[in-house]
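Visitor: Below is the sequence, then the predicted model.
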Amino acid sequence: MYIGFYLYLDHFGGVLYSPFACGMYALGVNMMSQDQNVAKVESQKKEKKCKSWTGTGRLLRLAAIVHFTGWYVQIHPGHGIFEGAKPAVLQSIGGALTSAPLFAYYEGLWFIGLNKGLQEETKLLVDQYTVELCKKGINMRACADYDLN
């Protein structure tokens, strides 16, 4: 679904994102399959049937730890300390789950020098949106960088 949505939004970015997304999916499926096999071997040693969809449960615990640690790092130090702004997830869960991962991916593309035109266009739009938010009275550290008159 992400690949289709990203291709719809931006063909260039979607095409570059596709192998990345497919690779993440394949890695996840492979890791889960291996964990299920380990659980099956462990259950055979104990002469019990493996009934759990979680396999050994280790992979699920690791994924939960990585997931929640990533959210914490993004929200507390990232938004709260460095940016001084509320995270977008508090305004729109849909945007946080759909366009935010693509924006993070684009940050990586722009870092290596790809699609600079889109980067400049995005920066202008972000600046306009930031000014609008600051004029509405939303308190962000970035508001000090703009002339709001």
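Guide: Arrived safely, thanks for sending. Numbers count the residues shown, from 1 in each chain.

Visitor: Enumerate every residue touching the residue positioned nearest the centre of the chain.
Guide: By CA atoms, centre = their mean, the chain has its centre lying nearest to residue 101, at 3.8 Å. When contacts are counted by CB atoms under 8 Å, 6 or more residues apart in numbering, residue 101 touches residue 2. All C-beta atoms are positioned from the backbone trio N, CA, C, and that covers glycine.

Visitor: pLDDT value on it, please?
Guide: Per-residue pLDDT puts residue 101 at 83.

Visitor: That one: which element?
Guide: Residue 101 belongs to helix 99-111 when assigned by DSSP states H and E.

Visitor: And for residue 54?
Guide: Residue 54 belongs to no helix or strand, assigned by DSSP H and E.

Visitor: residues near it, how many?
Guide: Neighbour count of residue 54, defined by other CB atoms under 10 Å: 14.

Visitor: Now it: phi and psi?
Guide: Taking degrees, to the nearest 10, you get phi -90, psi 0 for the backbone angles of residue 54.

Visitor: Do a quick rundown of the helices in the protein.
Guide: For the chain, the helices defined by DSSP state H occupy 2-9, 11-45, 58-73, 93-97, 99-111, 116-135.

Visitor: For the fourth one, what does the pLDDT average out to?
Guide: Averaged across helix 93-97, the pLDDT comes to 80.

Visitor: Name the residues that touch it?
Guide: By CB under 8 Å, 6+ apart, the residues outside helix 93-97 that reach it are 87, 88, 89.

Visitor: What score does residue 47 have for pLDDT?
Guide: For residue 47, the model assigns a pLDDT of 69.

Visitor: and the lowest-mean-pLDDT helix or strand in the chain, which residues are buried?
Guide: Taking mean pLDDT, DSSP states H and E as the measure, the chain has helix 93-97 as its least confident helix or strand, at a mean of 80. By 16 or more other CB atoms under 10 Å, the buried positions in helix 93-97 come out as residue 96.
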